[in-house]
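Colleague: make a model of this:
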Amino acid sequence: MIKKITAFSIHTTGEGERAAFTYSIIDENGHVTAQNKRAEVILLDPDILSAANDIYSFLQERIPE
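Modeller: Here you go, the predicted structure:
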């Protein structure tokens, strides 16, 4: 079984930085057994928070004028 992330978002909430994501589950025969499953977590690990900030900085520099 493979669990594949299909989309994610990192945003600020009252609890802190939250990562929301969707994923699909694919069986050993390559069939999608579930899709658009959703989950979310609060980012607590300093290294993960730093990585999220790196992504924000990267995207900020790519905003079209």
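Colleague: centroid-nearest residue for this structure?
Modeller: Residue closest to the average C-alpha location in the chain (C-alpha atoms, centre = their mean): residue 8, at 3.2 Å.
Colleague: which strand residues bridge that one?
Modeller: residue 21 (DSSP bridges).
Colleague: confirm residue 58 sits in a strand?
Modeller: No. Under the criterion used here (DSSP: H, G, I helix; E, B strand; the rest coil), residue 58 is helix, not part of a strand.
Colleague: roughly how far apart are it and residue 30?
Modeller: Distance from residue 58 to residue 30, counting by C-beta to C-beta, to the nearest Å: 33 Å. C-beta coordinates here come from the backbone N, C-alpha and C atoms, glycine included.
Colleague: what does residue 57 give?
Modeller: From residue 57 to residue 30 the distance is 37 Å (C-beta to C-beta).
Colleague: and residue 63, by the same measure?
Modeller: Distance, residue 63 to residue 30, using C-beta to C-beta: 38 Å.
Colleague: between residue 57 and residue 30, which has more neighbouring residues?
Modeller: Using other C-beta atoms under 10 Å, the more surrounded residue of residue 57 and residue 30 is residue 57, with 10 against 7.
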